[in-house]
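Colleague: coordinates only, no sequence provided:
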Ligand code: SF4
């Protein structure tokens, strides 16, 4: 399918081919689904929100609810204030959420709609809330849209007068519900009283109960979003997704924070566990989980050692996977994200330098066409990333592991963790399985051993 991709790399500044990101509202919508009884709302045309909902639904295999301001020509010329007012009234009347989280789109941002003013002047029922975030898609990516929406909730709701206590907060970053459950497992084992925000567990992995629930049990309660202002400390996971919301909370409510990489792999999970333990003891069963991961890493080392790989996807995920690949003795050759921002490049190059790897190409604001050209010129043993890598994998006949967002052509990924020691074990299984399946495919019959 991509057999005609040329080998010669050309310097492109304005054009992206086969992008490695999607638009800001997709992330904003996902963040809003992590608040209990929240209706995400797209302030733009119906076409935008159809795309955003479909994208999330295809990854999570769950309905992603959202409403729209339904812009037509009139709103595009005269502004979307009237549309938003009508939409908010209809949504509260018909769908009865507790809160509407409005994100903007390219169109409403280009018109210059002032969402702050619209919401201030709006007739909102006493027991209901409307918040917003600006998410134009000609800048950033779905990851920045996620961060903007999380920060938007904090700007509107976090209460600086909330009673100060010993509770901590964890911002999980742009991850699956399976990851959030794994983080909750670690926090619960350490006996921590915490607020997880946002929390898509129970919303984007809601159990089948035989009846459709528009607002399932999951999501961070609104009172907990308010109570963020009284937390003792925030652990913000993933620089791209969680640093800005943590800064906004600090500025508004003076809640100190520690920004950590996504806890993918041994060192990053250690950093999370030790930071949260704050000098206290780490339970023995968590140490055992770590020990089992190390045992597994030793077992698979002969198959993964020095294997060359290319990793693409969201910046926090890709940085975490790169660090873990290095811990496994693998050799990252190409590491790219579509999300703009040189901070990702510097952080990832620092990780690589820590392992003495100086021949890995790291790029932000890149695309899959460029990645394809890179691996055409310098073949790798393994490709790791979203479903959009499968055409490259097929064209170049490279083993392929789906990790990250979006995964549109497989099932169960959103239930499975990538973070924590147990998440790392799953990554090892996927990486080693792909390499060993390839060996089995290509080896001579007499080498097809059934026992390692
Ligand atoms: S117009 Fe902008 S906001 Fe709408 S789908 Fe396209 S990129 Fe996303």
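Modeller: Sure, I can see it. Model, not experiment: these values are computed from the prediction. Numbering: from 1, shown residues only.

Colleague: any idea of the mean pLDDT in stretch 108-115?
Modeller: Across stretch 108-115, pLDDT averages out at 95.

Colleague: show me which residues of the stretch 101-250 of the chain sit near the ligand.
Modeller: 105, 106, 137 (CB under 6 Å from any ligand atom). To be clear about C-beta, it is placed using only N, CA and C from the backbone, and glycine gets the same treatment.

Colleague: pretty sure the second one sits against residue 134.
Modeller: The one in question is residue 106. No. Judged on CB atoms under 8 Å, residue 106 makes no contact with residue 134 at a distance of 11.3 Å.

Colleague: longest helix in the chain, by residue count?
Modeller: As assigned by DSSP state H, the longest helix anywhere in the chain is helix 420-442.

Colleague: return the distance of stretch 383-395 from the chain's centre.
Modeller: 19 Å (CA atoms, centre = their mean, to the nearest Å).

Colleague: how far does it stretch from start to finish?
Modeller: By CA to CA, to the nearest Å, the extent of stretch 383-395 from end to end equals 12 Å.

Colleague: over to stretch 365-384?
Modeller: Its start and end residues considered, stretch 365-384 measures 18 Å (CA to CA).

Colleague: same check, this time on stretch 246-261
Modeller: 14 Å.

Colleague: any buried residues in it, and which?
Modeller: Neighbour-count burial for stretch 246-261 flags 246, 247, 248, 249, 252, 253, 255, 257, 258, 259, 260, 261 (criterion: 16 or more other CB atoms under 10 Å).

Colleague: that stretch: how far from the chain's middle?
Modeller: On CA atoms, centre = their mean, the centre of stretch 246-261 falls 19 Å from the chain's centre.

Colleague: do stretch 35-50 as well
Modeller: Counting by CA atoms, centre = their mean, stretch 35-50 comes out at 18 Å from the chain centroid.

Colleague: tally of neighbours for the nearest residue to residue 22 once chain neighbours are set aside?
Modeller: Excluding the flanking residues, the one nearest residue 22 by CB to CB, 6 or more residues apart in numbering is residue 142, at 4.7 Å. Using other CB atoms under 10 Å, residue 142 is surrounded by 30 other residues.

Colleague: shouldn't residue 142 be in contact with residue 27?
Modeller: Yes. Between residue 142 and residue 27 a contact is recorded at 3.6 Å, counting by CB under 8 Å.

Colleague: identify the contacts common to the two.
Modeller: residue 174 (CB atoms under 8 Å, 6 or more residues apart in numbering).

Colleague: show me what contacts the residue nearest the centre of the chain?
Modeller: In the chain, the residue lying closest to the centroid (CA atoms, centre = their mean) is residue 174, at 2.2 Å. Applying CB under 8 Å, 6+ apart to residue 174 gives the contacts 27, 30, 142, 143, 146, 238, 240, 241, 314, 316, 317, 405.

Colleague: just the ones of these in helices?
Modeller: Per DSSP H, the contacts of residue 174 map to helices at 27, 30, 142, 143, 146, 240, 241, 316, 317.

Colleague: closest one of those residues to the ligand?
Modeller: residue 142 (9.3 Å; CB to the nearest ligand atom).

Colleague: ends of stretch 14-29, what's the gap?
Modeller: Terminal residues of stretch 14-29 are spaced 27 Å apart (CA to CA).

Colleague: any part of it near the ligand?
Modeller: Yes. Against the ligand, stretch 14-29 shows contacts by CB under 6 Å from any ligand atom at 23, 25.

Colleague: for my notes, confirm residue 63 occurs in a strand.
Modeller: No. Per DSSP: H, G, I helix; E, B strand; the rest coil, residue 63 lies outside any strand segment and is coil.

Colleague: tell me which element the nearest residue to it once chain neighbours are set aside falls in.
Modeller: Excluding the flanking residues, the one nearest residue 63 by CB to CB, 6+ apart is residue 57, at 6.0 Å. In the assignment (DSSP states H and E), residue 57 maps to helix 46-60.

Colleague: got the contact list for the nearest residue to residue 165 once chain neighbours are set aside?
Modeller: Of all residues not flanking residue 165 in the chain, residue 230 sits nearest, at 5.7 Å (CB to CB, 6+ apart). Applying CB under 8 Å, 6+ apart to residue 230 gives the contacts 159, 162, 163, 164, 165, 167, 253.

Colleague: cool, and residue 60?
Modeller: Applying CB under 8 Å, 6+ apart, the residues near residue 60 are 176, 177, 204, 205, 414.

Colleague: dihedrals phi and psi, the third one?
Modeller: I take that to be residue 204. phi -90, psi 10 (degrees, to the nearest 10).

Colleague: how many residues are close by it?
Modeller: Residue 204, neighbours per other CB under 10 Å, totals 26.

Colleague: from residue 409, how far off is the spatially closest residue to it that is not a sequence neighbour?
Modeller: Among residues not flanking residue 204 along the chain, residue 60 sits closest, at 4.5 Å (CB to CB, 6+ apart). Per CB to CB, to the nearest Å, residue 60 is found 14 Å from residue 409.
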